[in-house]
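Peer 1: Show me the folded form of this:
(chains A and B)
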Amino acid sequence: METRHYILLLIYSSSDQKIQSKTKIQKELYLFEHFFKRKFSFKAYYYGPYSSVVENGLDELIGLGFVSVATYVYGIDVNRGFELKRYDYSLTESGKKFAEELISENKQEYSKIENFVQKIEKLRNHDYLTLSVAAKAHFSLSEENRPMKHDEIMNKMKSFGWQVNDEDYENAVEVLKELNFVEEIQS
Amino acid sequence: MSGNNVDYTLMKDIVSGPLDADKIDYLSRDSYYCGVKYGVFDFDRLLNTFSINEDSNDRSIAIKEDGLNALEQFVLAKYYMITQVYSHKVRTMTDAMIIRGIETGIDSDELEFLKVLYFYDKTEKYLDNYLNYWDDRLNVEILSVSKKSFAKEIFQRLYRRNLFKRIFSKNIPDIPGIKEKIRDKLGDINSNENSQLKMNLEEEISNLNQINCEKEFVIVNSVKLKSIWDLFSGQEGNIVVDYQNSQKKPFEQSSTIFVSMQHEITQNIKFEVYAPLKEMTIRDKYKIISEIEKSIIDLLSGLE
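Peer 2: Prediction:
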């Protein structure tokens, strides 16, 4: 399956067949990559791990008419007079039809994706901010490829230009533990 | 680049990044030589407002608050050059003809020098030979082939600017009656997985009454064009803007133009077909092209 097919099935198996915000799609695919050892070429960017391969896959789905984008305005930035927006990605009717065809041909792969999405949605915190911090913490840990202490991870994230506060970090660590991505080692 | 205390990120940003030296140079250069104004931006202002973003162990190129407008101008210039020049239909078609010329030269005409040039055998001899080729030499060698060949005919057309015509071009979701799976394949028609479908389509289109040419002269292609937001997010969008009050924010949150931009405008993926058409009046051309369009849609909607 191509990257766009993974994204399509990820949206298909999410609740309401919708994923709120592009950042969440990026972060879910980042965690998915480590869950299944499928590589999407993530790199460190300003907002956390980012993959242009995923970005292109999403663009292709939009360009092919399988995914539609809706704007959700959730406030006004009074200082600058702009609307704060979020972009929600959902499947079109033909996107759903194509996803079903893909599933019938890739049952095993889809059950892994479904299982992954269920795990994500069962998390106590699976909003995009928590997933984003979890991805940043995991990326920092993977870069060093060794056990790291709280302060070391915070410093590593800082070195990528990612500002994370202690509370968000703790939530993110809980998420990574629930996904069995990290474990605590007593020193 | 070697040694200790080297600013790898900073150096990489200069060589390859959203604001690298090559990009800054080629937008102005291409714009000038193409005789268009799309690629114009305030080079001096941009350069004067370059700054360095420093964190605990890395340094990268950033832009001062005063350079925001120059950077906006740069992003727009890049977008216009992509839409108006780099993705222009004649350029897209010419690229496809060059690729087809080389492909047929290897696969159908079996030109020995092309085979040697395009099959890397990991030897130094290969590299020596490769380094002795450049655009002009390739052109001349293909045009000098003594036997009648597809490659020679395509390159002669390029040389005389007797280009193929774009006989079909539609946004893929707008092609009526095609199955989802086919839509997915058409968007990715140049991939290896879809090469058989591509060949079959080219053969069937070459047999249409209005075209009736050899299948090697029909090229099906998919062309992707991103929205401006998608072109710059993940690239210039990540450039850090250095504010006078020491605040730092990525460009895509700092630029008033881009913050206010409606970026749900979707990207297009077009399915296109190029083939030779005889000289005819404009009226006849429109008639023939609309007949061809109908035939191609019938063909695509019948695909399983």
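
Peer 1: Please report phi then psi for the residue of the stretch 51-200 of chain B found nearest chain A.
Peer 2: Relative to chain A, the nearest point of the stretch 51-200 of chain B is residue B:173 (3.0 Å; Cβ to the nearest Cβ). All C-beta spots, glycine's among them, are computed from the backbone N, C-alpha and C. For residue B:173, the backbone dihedrals (degrees, to the nearest 10) come out as phi -60, psi -20.

Peer 1: show me the contacts for it.
Peer 2: Counting by Cβ atoms under 8 Å, 6 or more residues apart in numbering or on different chains, residue B:173 makes contact with A:63, A:64, A:65, A:94, B:183.

Peer 1: ok, the closest residue to residue A:106 other than its chain neighbours to residue B:274 distance?
Peer 2: Of all residues beyond its chain neighbours, the one nearest residue A:106 is residue A:1 (5.9 Å), with distances taken as Cβ to Cβ, 6 or more residues apart in numbering or on different chains. For residue A:1, the distance to residue B:274 equals 30 Å [Cβ to Cβ, to the nearest Å].

Peer 1: Those two: which is more packed in?
Peer 2: The neighbour count for residue A:1 versus residue B:274, taken as other Cβ atoms under 10 Å in any protein chain shown, is higher for residue B:274 (24 against 14).

Peer 1: Just the pLDDT at that one, thanks.
Peer 2: pLDDT for residue B:274: 98.

Peer 1: Equivalent analysis for residue A:131, please.
Peer 2: pLDDT for residue A:131: 84.

Peer 1: ditto for residue B:264
Peer 2: pLDDT, read off for residue B:264, is 52.

Peer 1: could I get the helix or strand hosting residue B:291 in PDB with only the CA atoms?
Peer 2: In the assignment (DSSP states H and E), residue B:291 maps to helix B:282-301. The C-alpha coordinates for helix B:282-301 follow below in PDB (Å, rounded to 0.1, in the frame of the first residue of the first chain):
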ATOM      1  CA  ILE B 282      -8.900  26.200 -34.800                       C
ATOM      2  CA  ARG B 283     -12.600  25.400 -35.400                       C
ATOM      3  CA  ASP B 284     -11.700  21.800 -36.500                       C
ATOM      4  CA  LYS B 285      -9.200  21.500 -33.600                       C
ATOM      5  CA  TYR B 286     -11.900  22.300 -31.000                       C
ATOM      6  CA  LYS B 287     -14.300  19.800 -32.700                       C
ATOM      7  CA  ILE B 288     -11.700  17.000 -32.800                       C
ATOM      8  CA  ILE B 289     -10.400  17.600 -29.300                       C
ATOM      9  CA  SER B 290     -14.000  17.500 -27.900                       C
ATOM     10  CA  GLU B 291     -14.500  14.200 -29.700                       C
ATOM     11  CA  ILE B 292     -11.300  12.800 -28.400                       C
ATOM     12  CA  GLU B 293     -12.200  13.900 -24.900                       C
ATOM     13  CA  LYS B 294     -15.500  12.000 -25.100                       C
ATOM     14  CA  SER B 295     -13.700   8.900 -26.400                       C
ATOM     15  CA  ILE B 296     -11.100   9.100 -23.600                       C
ATOM     16  CA  ILE B 297     -13.800   9.500 -20.900                       C
ATOM     17  CA  ASP B 298     -15.600   6.400 -22.400                       C
ATOM     18  CA  LEU B 299     -12.400   4.500 -22.300                       C
ATOM     19  CA  LEU B 300     -11.600   5.500 -18.700                       C
ATOM     20  CA  SER B 301     -15.100   4.800 -17.400                       C
END
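
Peer 1: Tell me which residues are up against that helix.
Peer 2: Identification of contacts with helix B:282-301 by Cβ under 8 Å, 6+ apart yields B:167-168, B:170, B:175-178, B:182, B:186, B:201, B:204-205, B:208, B:210-211, B:271, B:273, B:277, B:280.

Peer 1: Buried residues, it. List them.
Peer 2: B:288, B:289, B:292, B:293, B:295, B:296, B:297, B:300 (16 or more other Cβ atoms under 10 Å in any protein chain shown).

Peer 1: Next: stretch A:161-175.
Peer 2: Of the residues in stretch A:161-175, A:161, A:162, A:164, A:168, A:169, A:171, A:172, A:173, A:175 count as buried by neighbour count, 16+ other Cβ under 10 Å.

Peer 1: Quick one: name the residues of the stretch 101-250 of chain B near chain A.
Peer 2: Contact residues, the stretch 101-250 of chain B versus chain A (Cβ under 8 Å from any Cβ of the partner chain): B:171-173, B:180-181, B:183-184, B:187-188, B:224, B:226, B:230, B:233-234, B:238, B:240, B:250.

Peer 1: For those, which PyMOL command selects only the ones that are buried?
Peer 2: This is the PyMOL syntax for the buried subset of these, where burial follows 16+ other Cβ under 10 Å:
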select buried, chain B and resi 171+172+173+180+183+184+187+188+226+230+233+234+238+240+250
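
Peer 1: Inside helices: which ones of the residues of the stretch 101-250 of chain B next to chain A?
Peer 2: Among those, the members found in helices (DSSP state H) are B:180, B:181, B:183, B:184, B:187, B:230.
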